[in-house]
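J.: Sequence first, predicted coordinates after that:
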Amino acid sequence: MGDGVFGTPITSSNNGGSARLALDSKNADGKDARAFQFVDTLKENSGVAPATLCFIYNATGDTLQLISHKDWYGHIGASPYPIQIANGQWGAFLHVSKNSKTHSVGAVVYRGKNNKGVSCDWMVAWDNPINKETWNTKTYTEVREKGHFAKKEFWDIIYKKMQDFGRVNYCSLEDGDNKPGCSSSVSIGGNFSFPIFSAVLTLEDA
């Protein structure tokens with residue numbers, strides 16, 4: 001599947017079973033450590049701060065496909081966003097600031113299927129500001145219908161929503177607009193130049 005993905009794909013007869021197996025093996029066979037080593041090397045070679053070490057784990061029971069990304073501040077590092085992340089794999093990348101005076105703030109959208117086989121889009125976002133004395137790191141996530149995030153007007157709304165959240169965010173049925181059957185959780189480290197952003201994309205009943 002290319003650079004930036006780690007772990008052996010997990011398959012089963014149904015998405016729900018595969019999703020549960022994936023959730024139970026997030027750190028199996030050292031795949032999480034290999035993902036971290038990959039991004040840490042990108043960080044050391046980038047020479048840019050701040051930068052965000054990003055990790056996305058697929059526990060949806062099916063392969064996730066990259067649909068789009070959004071850069072409010074900064075851009076992708078030396079290795080591209082993973083195009084596909086199989087169930088049971090970590091996708092890893094480095095998001096960097098343009099220079100030492102700007103932020104690393106971005107989002108990615110991956111498409112998969114819910115527990116009924118309906119396509120939906122998982123969006124995860126991170127905010128890593130340059131001045132940690134003035135601003136805090138933040139994160140945000142949503143799961144919506146296929147194609148939802150292609151509407152440009154939603155990105156301003158997402159950015160504003162993210163400013164109201166902290167370093168941990170969770171999207172489930174409690175979110176009335178959440179795509180039924182889908183779930184995601186995200187977190188980001190605190191006051192460091194190189195915080196770790198971690199996202200787990202899964203199903204509601206996994």
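T.: Structure received.
J.: who's in contact with the lengthiest helix in the chain?
T.: Assignment by DSSP state H gives helix 31-46 as the longest helix of the chain. For helix 31-46, the external contacting residues (CB atoms under 8 Å, 6 or more residues apart in numbering) are 3-4, 6-8, 26-27, 51, 53-55, 77-79, 89-94, 96, 194. The C-beta positions use only the backbone N, C-alpha and C, and glycine is treated the same way.
J.: again, only this time at 10 Å
T.: Outside helix 31-46, the residues within contact range by CB atoms under 10 Å, 6 or more residues apart in numbering are 3-8, 25-27, 30, 49, 51-57, 77-79, 88-97, 193-194, 196, 198.
J.: Which of these fall within strands?
T.: Under the assignment DSSP state E, these contribute 5-6, 51-57, 90-96, 196, 198 to strands.
J.: Return the distance of Gly47 relative to Asn99.
T.: Distance from Gly47 to Asn99, counting by CB to CB, to the nearest Å: 11 Å.
J.: Quick one: low-confidence residue ranges for the chain.
T.: 1-2, 13-16, 172-177, 191 (pLDDT under 70).
J.: what about the helices in the chain?
T.: With DSSP H as the criterion, the chain has helices spanning 15-23, 31-46, 153-162.
J.: which of those helices sits most buried?
T.: Of the helices of the chain, the one with the most neighbours on average (mean count of other CB atoms under 10 Å) is helix 15-23, at a mean of 21.
J.: Tell me the gap between it and the middle of its chain.
T.: 18 Å (CA atoms, centre = their mean, to the nearest Å).
J.: for it, packing partners?
T.: strand 51-59, strand 104-113, strand 196-203 (3 or more CB pairs under 10 Å, 6 or more residues apart in numbering; DSSP states H and E).
J.: Just the CA trace of the shortest one, in PDB.
T.: Spelled out, it's strand 196-203. Output of strand 196-203 as PDB, limited to C-alpha atoms (Å, rounded to 0.1, in the frame of the first residue of the first chain):
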ATOM      1  CA  ILE A 196       1.700  13.500  18.700                       C
ATOM      2  CA  PHE A 197      -1.800  13.500  17.100                       C
ATOM      3  CA  SER A 198      -3.500  10.100  17.200                       C
ATOM      4  CA  ALA A 199      -6.800   9.100  15.700                       C
ATOM      5  CA  VAL A 200      -8.800   5.800  15.900                       C
ATOM      6  CA  LEU A 201     -11.500   5.300  13.200                       C
ATOM      7  CA  THR A 202     -13.900   2.500  13.900                       C
ATOM      8  CA  LEU A 203     -17.600   1.400  14.000                       C
END
